[in-house]
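Student: can't give you the sequence, but here's the structure:
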């Protein structure tokens, strides 16, 4: 998402008759993909365009500013109350990070949970831009809404990376949604196949990574990155610390940003252990 000229295509439009989060049917309302209040910070002026990366070597420019883009995927109640509340709560925390200027900013546990909820919601919405109609798990979307809590099968981490200069212009943000299928065989038990997804996005200088899976309750899946990435991505959910200091000691610039993160083979690959319901 940035400023520049290049190949163009029409805006992505998702026509839904059921709400992406609560499942209710009816008329859907326009939901901003990224915070529209960023327009007031000077990031929504003439000439801004959104970049969609379909292949690493192809970037397509869409009409419209990146912070005015909307999708019709949420019902009015979800959009104007539940999702709007997350946006309102996250805005002051995000602004503090955007304006940190290289200084460390403390994130107390309530702020970590606020950012994790907003990051999970935003990653789910962005998945429909990157892969229209893509398979962000239905049970994770409905569970997130119904319980007002990130699913136990999802992990949210936060890092930092620079606003980049790409051939088509300044890239204010970028997103990836990478669904995978995992097959697990433990001892002599039948093979189990389940979904795994990586949803990542950078907004200005802040990076969110959401990793989730749909393994059955009989499997306990632990998602862990390598030690080096532990210096670049801090855990927001599940919350592990009373206070986190952002940015991390290592920037994701060192591994090539989101593209480099997607190439790290061990990030998010689950370790499988028999869960409580497994046979002895």
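Tutor: Arrived safely. In this text the structure is predicted, and so the values were computed from the model without any measurement.
Student: Helix or strand: which one has the most centrally placed residue in the chain?
Tutor: In the chain, the residue lying closest to the centroid (C-alpha atoms, centre = their mean) is residue 123, at 2.7 Å. Using DSSP states H and E, residue 123 sits within helix 109-130.
Student: Check which helices and strands that helix is in contact with.
Tutor: Counting contacts by 3 or more C-beta pairs under 8 Å, 6 or more residues apart in numbering; DSSP states H and E, helix 109-130 packs against strand 70-74, helix 84-98, helix 138-147, strand 154-160, strand 173-184, strand 192-203, strand 206-213, strand 234-237. Yep, even glycine has a C-beta here, placed from its N, CA and C like the rest.
Student: So, low pLDDT: which residues of this structure?
Tutor: The chain contains residues with pLDDT under 70 at 1-16, 42-66, 68, 132-134, 166-169, 185-190, 223-228, 265-280.
Student: How about residue 108: what's its closest non-neighbour residue?
Tutor: residue 243 (5.7 Å; C-beta to C-beta, 6 or more residues apart in numbering).
Student: What are the buried residues along stretch 92-103?
Tutor: Within stretch 92-103, the residues scored as buried using 16 or more other C-beta atoms under 10 Å are 93, 94, 97.
Student: quick revisit: hey, what's the angle from the helix holding residue 123 to strand 70-74? Just curious.
Tutor: 110 degrees (axes from the mean of the first three to the mean of the last three C-alpha atoms, to 10 degrees).
Student: and helix 109-130 with helix 138-147, angle?
Tutor: 140 degrees.
Student: how much does helix 109-130 deviate in direction from strand 173-184?
Tutor: With the same axes, to 10 degrees as the basis, helix 109-130 and strand 173-184 are set at 90 degrees to each other.
Student: Can you mark which positions in helix 109-130 are buried?
Tutor: Those would be 111-130, for helix 109-130 by 16+ other C-beta under 10 Å.
Student: quick one, what contacts residue 124?
Tutor: Residue 124 makes contacts with 20, 21, 136, 140, 141, 144, 199, 210, as judged by C-beta atoms under 8 Å, 6 or more residues apart in numbering.
Student: nearest to residue 107, of those?
Tutor: Distance to residue 107, by C-beta to C-beta, is smallest for residue 210 among the contacts of residue 124, at 17.0 Å.
Student: how near is that closest one to residue 254?
Tutor: Using C-beta to C-beta, to the nearest Å, we find residue 210 at a distance of 21 Å from residue 254.
Student: With residue 153 instead?
Tutor: 29 Å.
Student: same question, residue 232
Tutor: For residue 232 relative to residue 254 (C-beta to C-beta), the value is 7 Å.
Student: Over to residue 114?
Tutor: Taken as C-beta to C-beta, the span from residue 114 to residue 254 is 28 Å.
Student: ok, for residue 24, nearest residue in space, not its chain neighbours?
Tutor: Closest to residue 24 by C-beta to C-beta, 6+ apart is residue 75, at 5.1 Å.
Student: wait, isn't that neighbour in contact with residue 29?
Tutor: Yes - Residue 75 is within contact range of residue 29, at 6.8 Å (criterion: C-beta atoms under 8 Å).
Student: Neighbour count for the two, which is higher?
Tutor: Of the pair residue 75 and residue 29, residue 75 is the one with more neighbours under other C-beta atoms under 10 Å, namely 23 against 18.
Student: Now do that one against residue 235, distance only.
Tutor: Residue 75 is 32 Å from residue 235, by C-beta to C-beta.
Student: same question, residue 177
Tutor: 21 Å.
Student: Please say which of these two ends up with more neighbours.
Tutor: residue 177 (21 against 17).
Student: one step back: top of the contacts of residue 124 by neighbour count?
Tutor: Counting neighbours by other C-beta under 10 Å, residue 210 comes out on top of the contacts of residue 124 with 29 neighbours.
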